[in-house]
Structure formats: C-alpha cells, structure tokens
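Asks: With the input below, show me the fold.
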Amino acid sequence: MSEITNAIKQICEEKGLSYDAVLTTIESALAAAYRKDFGRKNQNIVVEFDPETSKSKVFDVKTVVEDLPEEEVEEEEVLEEEKKESKVKKKKDSENKKKEEEIKVPIEKDKEVEKLSLAETAENEEEERRFNTKTDIQISDAKLIKKTAKVGDEIKMKLEIPEAYGRMAAQTAKQVIIQRLREAERDMVFNDFKDKEREVVSGVIQRREGRLVLVDLGKAVGVLPPEEQIYGERYNPGERIKVYVKEVSLKAKGPEILLSRTSVEILKKVFYLEIPEISNGLIEIKGAAREAGSRSKVAVFTDSDNVDPIGSCVGQRGARIQTIISELGGEKVDIIEYDEDPVKYIANALSPAKIINIKTNEEERTAKVMVNPDQFSLAIGKGGQNARLAAKLTGWKIDIVENKEQEKKEKDADKDLKEKEVKKGKKQEDKSVSVKTAADKEEKKQEEAKEVEEEKKEFKTKEKKKSKDKAKKEEKKSKDKEEE
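Replies: The predicted structure is shown next:
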C-alpha cells in the first residue's frame, strides 16, 4: 500500500467520506493543474489517477455528434465566447452585491444565490442543446480518429503527461482539493441529516449567540431559534438535550439544521423511550397535544384486557411519569385513555373535570359540554388551557357551558338551609330563655335554703350560750350556799 493510498484512507476516516469521492477530487485537481499549465482552448481535460503507482493518465474527452454546417459552428463559437464574457460579468456583479449586502439578513443572500444558480442551470441547459466545441466533436472528425465512431460515443484522446507541474498549477490543485473536499463533506452531512428530518435526536448544547442556541449533533451543529425554545427553560453549555429536527436545508455556507424543543414529537419520543409497553407496541399513543413548558395531554390505547394503559405510563409510585416530566423540564403531563366513542373521548380529555352531558355534531365536529357550576373553572382550566388542549387532542371544537338548572336547585337548597338555620336559631333562643328562668328559680331556692340553715345555726349557737350561762349561774349559787 502506497503513501498516497494511506493518506486518502486517513482523509476518509477523518472527514467520513468515501474512498471514491476523495479519489475523484484528486483527479479533478490534477485536471485543473494540467489545464492551468498545459491545457489548450476547447480541450475537455480528464485525468485518471492510480494511487498505488502514483501515476496518472491525461485524456481529452469528446462526445460524438452529427455534422453541422461550418457557418453554424462559427456562430456557436462566437456565442460561446459571448456567454463566457457574460458569465464573468455576472460573477463580478454577484461578488460586488454580496460585499454590499453582507450587513443584510442571511435569508436574502440565500435567495440571491438560489436565483443565480437557477440562471446558471438554465444557461447550462441551453448550452447542452447546442454544439459545444469543448465537449463535442463532429462525426466526420471523430472517424478520422476512430473509424468505428458513432453518434453518442465518447472518444478519449490521450495527451502527453508532463514531468512536473508549475507552482501556480500546484496551488490551483491544492485549492481544488480543499474546495471539493468541503463540498463532499457538506453534501454528506446534508444527506445524513436530511434522512433524520422530522425525527428526534439528542445533542449537546454548544453555546449561545444572542437568542440563538447552537446544539452539537456530532457531525454538524444545529440551530435552536428563540421561537422554537421552551419559555423559561435554561440552556447551559455542555448539557445533553433531545431536540426535534424540524428542517434541513442546504445554504451557501453549508447545511442549515433547524431544531425545535416545542414539538409534540419530542413528547411522543420520550414516551417511546421511557415506557417499554409503548416501544413493544402493546400500548399505542393515539394522540398528543402540547403547550411546551406548561402542560400536555397524551391519549393512550391498548387492545389487551390485562394491561392498564394509564397505569403502565404512570409506573410504580409515578416513577415513569416523573422521569418524563424531568426530561421535559418540569412540564405537567396528563395521561388519558383513548376511546372510539367521541363522547367518552372528549369526557376523558377534559379530565380532571366531571362532565354531566355532551352533545356532539359530527358534521361540524363540534361538542357542547355541560358541567356543574363548581366544575366549570376546572373544565376550562387556567387561561382556558384545559379546554384548549382537549380540543387539540380530540380534533373537536368544544364549547363548555354551566348547568343552570343545577345552579337554581343549589340556590334553592341554600335558601332552604338558611331558613331552617334561622328557625333552629329562634327555637334555641327560646329554649335558652326558658332554661335561664328555671336556673334562676333554682338559684333562689338554694339561696333561701342556705339562709334558713344559717338562721338555724345562729339559733342553735344562741341556745348553747344561754344553757352555758345558766349552768355557770347555778354553779355560783351552789358554791355560795355551801360557804354559808
């Protein structure tokens, strides 16, 4: 294996290009170098390069066409010269315009480039239709070189191989190689990500440029514009996030990959990755509606009677749904059960509100939903979010109204309760008054009994004193008699 072959394989590994693509790039570079130093007018130079021997063969390749009158051939040559001059002028004008409009929006640049490319392709088509002295040869001239030549055949005329190329030719070859390798790498990246369009991929946040967030996707860098970002979500460099590839387009500077974080597809992809029953096909996601960063609703369905679709998505103690919520940056997720009956489906979509009645119009796809007054605000949701998400999920236009009869019944029931309470209050007041009077009487009786007992005690104490005094007097009398 030669050094050139090793170098080609190394470039293929670094750039991720095919061996044939790099080889054709080298051949086109050698053709440009030969044309620079040794090429003549109206020569279509093609080089065949062998990397093992490092040798090349140079040919002037022509396509055989029918004979044309000499006048037409001369006219074609004049027209070709004029076209070349006009092309040079257009290129200069386009370069000047690009320099002047560098300050303008890049979208306008892309439009101008597209217009110029369309004009060039139209001119190329016109050239193909006419006789081209560089690539075509008349059959009469072709038969002088090869007797068996036919119209449409390709004739290769071998040219002398130079011993060495000049400095300018080598510089030209170098520029051609660099340019062609960039173009090949650009086309490869574009084709790879064009296949991933409308899919969810993971990437690493690279940096911020103003309000734009650049995400490293491996071989290319995607752009997350502000309108596709979740409100309030922080994008720190080095963090890994899941993004939706919204659009891949080929611009003048290379492929442009437009990413999104607000797409419903991200929600579906996270469910697919985190819930094995969905990835196995046991549970199916029938629909999803999302207001990124705030709330979303997902409708699930299963044919199996032994599987609970909502319980499988929630997981044991909410483990699965918590993982999904953290992946979506704290976004609330409502999981509802899908039903083929639109009435049941709409009722499930408006959960957690309890529905009384639903009237549907299948032609206009409208539904009138009746709820109790205490469930009205819950059915609508904060800022109408619950009703809006339910309408997106089901595809029906939902009108939520209060049950007025129920409201009247509740008002009448409140009035009756108030009247009963008033009556009960009056009875209790009367009872309390009567109770107070009876208590007062008892208190008076007790006080009177106390007074009587106190009087009896006083009377008893007085009598005791009197009896004591009499006894003392009698003792004195008896003492006096004994003395006498």
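Asks: The helix or strand of the chain with the lowest mean pLDDT: what's the following helix or strand?
Replies: When each helix and strand of the chain is scored by mean pLDDT, DSSP states H and E, helix 106-129 comes last, with a mean of 47. Once helix 106-129 ends, the next helix or strand along the chain (criterion: DSSP states H and E) is strand 136-138.
Asks: quick one, strands of the stretch 51-200 of the chain?
Replies: 55-65, 136-138, 154-158, 200-209 (DSSP state E, counting those that start in this stretch).
Asks: Now distance to residue 145 too, for these, in CSV please.
Replies: In short, each C-beta sits where N, CA and C put it, glycine included. Formatted as CSV, the strands of the stretch 51-200 of the chain follow (distance: least, CB to CB, whole Å):
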stretch, distance to residue 145
strand 55-65, 9
strand 136-138, 8
strand 154-158, 6
strand 200-209, 55
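Asks: Out of those, which is closest to residue 236?
Replies: Across those, residue 236 has its closest neighbour in strand 200-209 (6.5 Å, CB to CB).
Asks: by contact count, what packs against the following helix or strand past the closest one?
Replies: Using DSSP H and E, the helix or strand that directly follows strand 200-209 along the chain is strand 212-216. Using 3 or more CB pairs under 8 Å, 6 or more residues apart in numbering; DSSP states H and E, the elements in contact with strand 212-216 are strand 200-209, strand 221-224.
Asks: Out of the ones you listed, the one nearest residue 376 is which?
Replies: Closest among the helices and strands packed on strand 212-216, once you apply CB to CB, is strand 200-209, at 37.5 Å.
Asks: circling back to that earlier point, deepest of the helices and strands packed on strand 212-216, which one?
Replies: The highest average neighbour count among these, using mean count of other CB atoms under 10 Å, belongs to strand 221-224 at a mean of 20.
Asks: Mind listing the strands that strand pairs with, and their directions?
Replies: If you go by DSSP bridges, strand 221-224 pairs up with strand 212-216 (antiparallel), strand 254-260 (parallel).
Asks: Just the mean pLDDT for that strand, thanks.
Replies: Averaging pLDDT along strand 221-224 gives 92.
Asks: which residues make contact with it from outside it?
Replies: The contact list for strand 221-224 (CB atoms under 8 Å, 6 or more residues apart in numbering) reads 203, 206, 212-215, 235, 243, 245, 256-261.
Asks: 7 Å instead, please
Replies: 203, 206, 212, 213, 214, 215, 243, 256, 257, 258, 259, 261 (CB atoms under 7 Å, 6 or more residues apart in numbering).
Asks: Could I have the CA atoms of the following helix or strand past that strand written out in PDB?
Replies: Scanning forward in sequence from strand 221-224 by DSSP H and E, the next helix or strand is strand 240-251. The C-alpha trace of strand 240-251 is given here as PDB (Å, rounded to 0.1, in the frame of the first residue of the first chain):
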ATOM      1  CA  ARG A 240     -27.400  17.000  26.700                       C
ATOM      2  CA  ILE A 241     -30.900  17.600  25.400                       C
ATOM      3  CA  LYS A 242     -33.400  16.000  23.000                       C
ATOM      4  CA  VAL A 243     -34.400  18.100  20.000                       C
ATOM      5  CA  TYR A 244     -36.700  17.700  17.000                       C
ATOM      6  CA  VAL A 245     -35.100  18.200  13.600                       C
ATOM      7  CA  LYS A 246     -37.700  20.500  12.000                       C
ATOM      8  CA  GLU A 247     -36.000  21.300   8.700                       C
ATOM      9  CA  VAL A 248     -32.700  20.600   6.900                       C
ATOM     10  CA  SER A 249     -31.700  22.900   4.000                       C
ATOM     11  CA  LEU A 250     -28.600  23.500   2.000                       C
ATOM     12  CA  LYS A 251     -27.400  27.100   2.200                       C
END
